[in-house]
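Engineer: here you go, sequence then predicted model.
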Amino acid sequence: MTRTHQQNRYYWKCIVKPLCEHTGYHKYEMHEHLKNMFIPERTSNLTTEDFTLFCEEVRIWAQNDLGVILMPPNELK
């Protein structure tokens, strides 16, 4: 099963948007950068579990390397 609508919404709102605000990248530039850093394929091909892992890896990287704390997925309303 590929990622869910809720996962997709979380990714763009709670990961990509804050990272864009921090770095100045456009949302599609940031998306490409994150894909290139963490996964060898299209995000649309990831299973729900793989997409969850991808998001968690990005959250850890953002905190460790950029000092940006991103909201965990269970806090998205």
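Structural biologist: Looks like it arrived, so ask away.

Engineer: every contact and neighbour count from this point should use C-alpha atoms.
Structural biologist: Noted.

Engineer: what sits up against the longest helix that the chain contains?
Structural biologist: For the chain, the longest helix by residue count, based on DSSP state H, is helix 48-61. With contact meaning Cα atoms under 8 Å, 6 or more residues apart in numbering, helix 48-61 is reached by 1-4, 7, 11, 15, 34, 38-39, 43, 69-70.

Engineer: may I ask which of those residues has the most neighbours?
Structural biologist: I15 (25 neighbours; other Cα atoms under 10 Å).

Engineer: quick check, that residue in a strand?
Structural biologist: No: assigned with DSSP: H, G, I helix; E, B strand; the rest coil, I15 falls outside any strand and is helix.

Engineer: so who does it touch?
Structural biologist: C55, V58, R59, L70, M71.

Engineer: also G67?
Structural biologist: Residues near G67 by Cα under 8 Å, 6+ apart: none.

Engineer: K27 against C14, yeah?
Structural biologist: No: K27 is beyond contact range of C14, at 11.8 Å (criterion: Cα atoms under 8 Å).

Engineer: distance from the strand or helix carrying N8 to the middle of the chain?
Structural biologist: Applying DSSP states H and E as the criterion places N8 in helix 5-10. In terms of Cα atoms, centre = their mean, to the nearest Å, the centre of helix 5-10 is found 10 Å from the chain centre.

Engineer: check stretch 32-44 too.
Structural biologist: That offset, for stretch 32-44, works out to 10 Å (Cα atoms, centre = their mean).
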